[in-house]
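1. Take this sequence and fold it.
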Amino acid sequence: MKTLSYIYLIALLLPALIINEQIVQWVLAVRVGSYSVAGGFQDAFKYFSVFGYLFFTAFRLVPYVGLGMILIVLSKTRFKDYIPSVFVGGLVGVLAMVVWGSWMALLPLYTGAHVSSTTAISFLFIPAYAVLTGAIAALVSAALYTPFRHIFRKGKAERSAGGNAAPPSSSA
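-> Numbers count the residues shown, from 1 in each chain. Below you'll find the model as predicted:
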């Protein structure tokens with residue numbers, strides 16, 4: 001693999017564009033607020049605007065872009081085989097914080113608890129925390145992969161060592 005596959009970059013971009021506070025609010029409305037699917041959708045998207053979506057998406061892209069840059073750097077080093085584990089771990093870490101942070105920020109809307117007047121500001125800080133959780137999850141995933149990396153590498157070396165031997169000479 002000379003360059004990083006575009007599949008990884010597309011798989012980073014899609015959650016950044018799709019998994020947002022409106023989607024989490026929709027799930028909250030259905031699961032916690034006992035709305036129907038259509039009613040939850042109407043409730044979650046009643047204040048939707050393209051400008052607001054683009055504004056928060058600019059902040060939400062930060063951890064995904066950071067993970068993409070790490071994957072691009074890894075693709076140019078001898079650690080290319082870490083790309084899948086770093087990708088999966090990092091994406092799970094980022095998505096976990098984005099979903100959990102949005103869930104906790106919006107939960108008071110459906111539980112009758114006091115809604116903070118600064119809830120919208122949390123959507124600016126959730127991506128910053130997602131950078132941290134994504135980095136930790138990527139490191140843990142890479143660390144878990146490391147022993148298997150050496151096992152797979154050893155298996156490849158043994159197979160190629162047998163295949164690279166010179167054929168026996170038949171001129172006797």
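2. which residues of this structure fall in helices?
-> Secondary structure of the chain (DSSP state H): helices at 6-18, 21-31, 37-44, 50-75, 83-106, 108-111, 119-163.
3. in the shortest one, what counts as buried?
-> Which is helix 108-111. Within helix 108-111, the residues that count as buried by 16 or more other C-beta atoms under 10 Å are 109-110. All C-beta spots, glycine's among them, are computed from the backbone N, C-alpha and C.
4. outside of it, which residues touch it?
-> The contact list for helix 108-111 (C-beta atoms under 8 Å, 6 or more residues apart in numbering) reads 25, 28-29, 32-33, 114-116, 119.
5. which of the residues you listed count as buried?
-> 25, 28-29, 33.
6. Quick check: phi and psi on Ser116?
-> phi -70, psi 150 (degrees, to the nearest 10).
7. Now for it: which residues touch it?
-> Contacts of Ser116 (C-beta under 8 Å, 6+ apart): Pro108.
8. how close does it get to Val37?
-> Per C-beta to C-beta, to the nearest Å, Ser116 is found 28 Å from Val37.
9. now do Tyr145
-> On the measure of C-beta to C-beta, Tyr145 and Val37 end up 39 Å apart.
10. re earlier: want to throw the helices of the chain into TSV with mean pLDDT?
-> Output for the helices of the chain, formatted as TSV (pLDDT from 0 to 100):
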stretch	mean pLDDT
helix 6-18	90
helix 21-31	95
helix 37-44	95
helix 50-75	93
helix 83-106	95
helix 108-111	92
helix 119-163	82
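11. From the neighbour counts alone, determine which of Tyr145 and Val37 ranks first.
-> Tyr145 (18 against 10; other C-beta atoms under 10 Å).
12. how many neighbours does the residue lying closest to the more buried one once chain neighbours are set aside have?
-> Excluding its sequence neighbours, the residue lying closest to Tyr145 (C-beta to C-beta, 6 or more residues apart in numbering) is Ser85, at 3.9 Å. When neighbours are defined as other C-beta under 10 Å, Ser85 has 19 of them.
13. quick one: the closest residue to Ile70 other than its chain neighbours from Ile151, how far?
-> In space, and not counting its chain neighbours, Ile70 is closest to Val86: 6.6 Å by C-beta to C-beta, 6+ apart. Distance of Val86 to Ile151, given as C-beta to C-beta: 18 Å.
14. which one of these two has more residues nearby?
-> Higher neighbour count among Val86 and Ile151: Val86, with 23 against 10, using other C-beta under 10 Å.
15. can I assume that one is in contact with Ala142?
-> Yes: shown here, Val86 and Ala142 form a contact pair, counting by C-beta atoms under 8 Å, at 5.4 Å.
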